[in-house]
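Participant: requesting a structural model of the entry that follows:
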Amino acid sequence: SVSAAAPGAPRALRLSADPAKDQTYFLAALSPEQVRRALFPLGPLPKPRVRELARAAMLPNMDRKDSQGICFLGKVKFAEFVEEHLGRWVGLILEEETGAALGFHKGFWFHTIGQRTGLYLPDGPWYVVRKDLEMNVLYVSKDYYAGEKRRDSFLCGGVNSLL
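Facilitator: Numbers count the residues shown, from 1 in each chain. The predicted structure is shown next:
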């Protein structure tokens, strides 16, 4: 949610009161100007209370199933949206530990680090552990949680100070 200590005070991005609907990972990409103008009237309410209010007001979405995808896509599946806008670029899937070729993917943008679905590889589960964007290669491993694969650094960009 977005809050201000007092009217006119700088606004700050805060975790949602309802962890099940927290969207700060997405909202953190907003600029301070966008956050200043944003309104989140349901921010402090837990999801069950929002459903109660929707039923009481007989809103058409009162019984709609919760979305697990990207809400602005509506009924369009994420993979269909990505393929329509980015297309396909077939590349190799390699085992991280051995470099063995295990199969092909239809574009690295369809996969995230840690993902294990949609790889369609036998003898899994396999996890995406690395992506070579220039060579369009996905690296996968069965040992995603192994101690030696712990990450102690990461790269980030486009950071906004919203405190």
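Participant: what ranges do the strands span in the protein?
Facilitator: Counting by DSSP state E, one finds strands in the chain at the ranges 2-4, 11-13, 91-95, 101-105, 127-132, 137-141.
Participant: those: which one's closest to residue 51?
Facilitator: strand 2-4 (22.3 Å; Cβ to Cβ). Quick note: C-beta positions are derived from backbone N, CA and C, even for glycine.
Participant: tell me the mean pLDDT over the closest one?
Facilitator: The predicted model gives strand 2-4 an average pLDDT of 56.
Participant: quick one on the thing from earlier: okay, the strands of the chain, which one's buried deepest?
Facilitator: Mean neighbour count (mean count of other Cβ atoms under 10 Å) peaks for strand 137-141 among those, with a mean of 21.
Participant: got any ranges where this protein has weak pLDDT?
Facilitator: Applying pLDDT under 70 to the chain picks out residues 1-11, 20, 67-74, 149-151, 161-163.
Participant: show me where it has helices.
Facilitator: All helices of the chain, identified by DSSP state H, fall at 24-27, 32-37, 47-56, 78-86.
Participant: want to try a markdown table for these, with mean neighbour count as columns?
Facilitator: Rendered in a markdown table, the data for the helices of the chain read as follows (neighbours: other Cβ atoms under 10 Å):
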| stretch | mean neighbour count |
| --- | --- |
| helix 24-27 | 12 |
| helix 32-37 | 13 |
| helix 47-56 | 13 |
| helix 78-86 | 12 |
